[in-house]
Each structure stands twice: as C-alpha cells, then as structure tokens.
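**Student:** what would the 3D arrangement of this be:
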Amino acid sequence: MKIRVSAVQYHLHTIRSFEEFANQCEHYIKTAQEFGSEFVLFPEFFTTQLLSIGSEQGTSLTINELPGFTEQYKNLFSNFAKQTNMHIIGGTHVINRDGRLYNVAHLFYPDGRIEEQAKLHITPTEVHEWNMSPGEGLRVFDTVKGRIAILTCYDIEFPEIVRMAKAKGADVIFCPSCTDDRHGFHRVRYTSHARAIENQVYVVVTGTIGSLPTVDFMRANFGQAAVITPNDIPFPPKGIMVEGELNDDMIVTADLDLSLLYEVRERGSVTTWRDRRTDLYVDWEKENIEG
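**Tutor:** Below is the predicted model of the structure:
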C-alpha cells in the first residue's frame with residue numbers, strides 16, 4: 001500500500017484577521033490537493049500566528065488567549081478535510097482543559113471525525129514561560145491507509161515513545177515541530193533519522209518558518225520539512241525521500257510505500273525491529289498486548 005503525503009513549511013508572519021489565517025491555510029491545502037495528497041502535515045504552534053492579530057484595543061495577545069480560537073480552528077480544518085477527502089494533521093494548537101494549557105496535535109478525518117494527541121514531553125520554555133502541561137498517554141490512529149502516530153517535536157527525541165508507537169502498529173510517525181534556531185532544528189532532525197532506523201518506520205516532519213515580531217517566543221523560526229526513511233536498500237542511502245529548502249515558504253510531497261517497510265523488517269541488511277533484545281529491556285509489543 002502507498003500513501004501520498006505532503007508537509008507544509010508554514011510561513012509565520014503578522015496577520016490582521018482570522019480570515020487571513022484561513023486563506024493562508026487554504027492555499028497550502030489546495031496545493032496538496034493538486035498534488036493528489038492523502039495526508040497533509042502542518043507544523044507545531046502554527047496557530048500562534050493568530051496571536052499576531054492583537055486585541056480590539058490594539059494590545060498584544062498572549063498564549064493564554066490562543067485557546068479562544070479553538071472552535072474556529074477546528075471548524076476550519078474539519079471543513080478542509082471533508083471538502084478535499086484528505087487526512088489533515090493540523091499541526092498543534094493550544095487548548096485549555098480544566099484550566100490547564102496543553103499543546104495538542106489534531107487529526108482531521110475526511111468523514112468529519114477529529115482526534116487529538118497531546119504533546120507528551122514539554123520543553124522548559126513551554127513549562128516556565130507558557131505554563132503548559134504534558135499529555136497523559138500515547139495514542140495511535142487507524143486510517144484507510146494504515147495506522148499512524150503523531151509525536152510532536154520534543155517527543156521525537158525520546159526513543160521509548162516511538163518504540164511504543166511502533167509496538168502499537170504505527171508505520172508512519174507524523175512529527176509537527178517548531179524550532180527557533182539551528183540547534184533545535186538539528187536535534188529534531190537527527191533524532192527523526194534515529195527513530196526511523198531503530199523502528200523501521202517512516203517519519204514525516206515539518207516546522208515553522210518566518211517570524212512573529214509581536215508574539216513572545218515565536219520571534220524566530222528555523223524549519224524544514226522532510227520525509228525520512230530507514231537507511232537500507234530499497235530506500236535512499238541518506239534516508240531522505242524528500243526535503244524542502246531551509247526556511248522557504250513551500251510544501252513537499254512524497255509517496256510512502258508501506259510494503260517496503262515490511263520487506264526490510266524481514267529481509268533488510270539489518271533488521272533492527274526484529275533484533276531487539278527484549279530479554280534485556282522492555283518488550284513494548286508484549287506490554288501492549290497485556291495492557
């Protein structure tokens with residue numbers, strides 16, 4: 001089975017209305033639709049662009065006010081998914097649940113369903129500057145094109161959580177990210193490669209570009225989209241199926257052949273998933289079955 005995926009290098013810039021935000025998102029959605037994509041990935045924190053609108057009094061908006069846009073955001077992306085018959089990973093959006101802020105990835109299905117995966121590992125900035133809380137558990141999502149997981153930015157830097165996603169049957173990990181400098185970008189990028197090799201899965205990653213001068217902690221962005229594969233024949237030698245131009249406003253598209261994953265897991269030059277030493281460390285497949 002093949003899946004065509006697109007990943008958006010979302011250009012953050014100051015806007016004046018929700019309509020401007022909607023029009024920019026529609027541009028990316030229509031571009032992916034023209035490419036025949038079945039899944040579209042937006043980056044982490046891309047909805048912080050809405051904070052640049054400001055208040056009616058002309059004052060700046062803070063992260064605490066971003067959840068006020070939740071219903072508009074969800075309606076917009078749910079309609080996009082239904083109109084285009086695509087699965088849309090709507091990056092992440094900050095929601096307020098019982099008085100606590102969570103950084104939540106949203107999966108919009110073509111039939112109108114909306115699923116959520118909260119970010120599980122949160123960075124010091126998210127904790128100390130934005131007072132966010134971590135998600136409580138990992139989910140995987142069944143689609144007509146197979147099982148996927150959504151792990152946001154910092155999540156991909158933790159091997160255990162991706163092992164768990166693979167043990168639950170995920171063949172594709174979607175990783176929306178947001179990094180403000182080269183160091184953060186390369187942490188996410190290099191660990192995405194490691195997770196693809198360790199678990200013999202695809203990782204689709206993207207990030208924000210541009211800047212929001214009036215939004216604290218979103219003033220700088222360094223990003224690039226990529227579709228990352230295991231490093232084995234029949235995949236590209238560098239494990240990169242496609243990647244965008246650094247910090248350019250663009251979208252990248254690639255076809256993921258799931259049958260190649262199954263092939264390398266059985267007959268690859270290395271079989272990293274099969275060769276796990278579960279006598280020495282946790283067998284997440286067994287844990288999931290028993291759980």
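**Student:** how about the contacts made by Val264?
**Tutor:** When contacts are counted by C-beta atoms under 8 Å, 6 or more residues apart in numbering, Val264 touches 200, 230, 232, 234-235, 271. From N, CA and C alone the C-beta is placed, and that goes for glycine too.
**Student:** go on, Phe80?
**Tutor:** 25-26, 29, 86, 88, 108.
**Student:** sketch out the helices for the stretch 151-291 of the chain, chain order is fine.
**Tutor:** Assignment of helices within the stretch 151-291 of the chain using DSSP state H, counting those that start in this stretch yields the ranges 159-167, 182-199, 258-267, 284-290.
**Student:** by mean pLDDT, show me the worst of those helices.
**Tutor:** In terms of average pLDDT, helix 284-290 trails the rest of the helices of the stretch 151-291 of the chain, at a mean of 74.
**Student:** may I see the buried residues of that one?
**Tutor:** Of the residues in helix 284-290, 284-285 count as buried by neighbour count, 16 or more other C-beta atoms under 10 Å.
**Student:** which helices and strands sit right next to it?
**Tutor:** If contacts are counted by 3 or more C-beta pairs under 8 Å, 6 or more residues apart in numbering; DSSP states H and E, helix 284-290 sits against helix 159-167.
**Student:** returning to what we had before: what is the nearest of the contacts of Val264 to Glu38?
**Tutor:** Minimum distance to Glu38 across those is 20.1 Å, recorded for Phe235 (C-beta to C-beta).
**Student:** could you find the closest non-adjacent residue to that closest one?
**Tutor:** Thr229 (4.0 Å; C-beta to C-beta, 6 or more residues apart in numbering).
**Student:** so how many other residues sit close to that neighbour?
**Tutor:** Residues near Thr229, counting by other C-beta atoms under 10 Å, number 27.
**Student:** list the contacts of it.
**Tutor:** Contacts for Thr229 (C-beta under 8 Å, 6+ apart) come out as 196, 202, 235-236, 239-241.
**Student:** quickly name whichever of the residues you listed is closest to Ile114.
**Tutor:** Using C-beta to C-beta, Tyr202 comes nearest to Ile114 of the contacts of Thr229, at 23.3 Å.
**Student:** surely that closest one meets Leu256?
**Tutor:** Yes: using C-beta atoms under 8 Å as the test, Tyr202 is close enough to Leu256 to be in contact (5.1 Å).
**Student:** of these two, which one has the most company?
**Tutor:** Tyr202 (26 against 23).
**Student:** dig out what the more buried one forms beta bridges with.
**Tutor:** Listed by DSSP bridges, the beta-bridge partners for Tyr202 are Val172.
**Student:** distance of it relative to Asp180?
**Tutor:** In this structure, Tyr202 and Asp180 are separated by 26 Å, where distance is defined by C-beta to C-beta, to the nearest Å.
**Student:** likewise Met241?
**Tutor:** Relative to Asp180, Met241 is positioned 26 Å away (C-beta to C-beta).
**Student:** thank you, goodbye.
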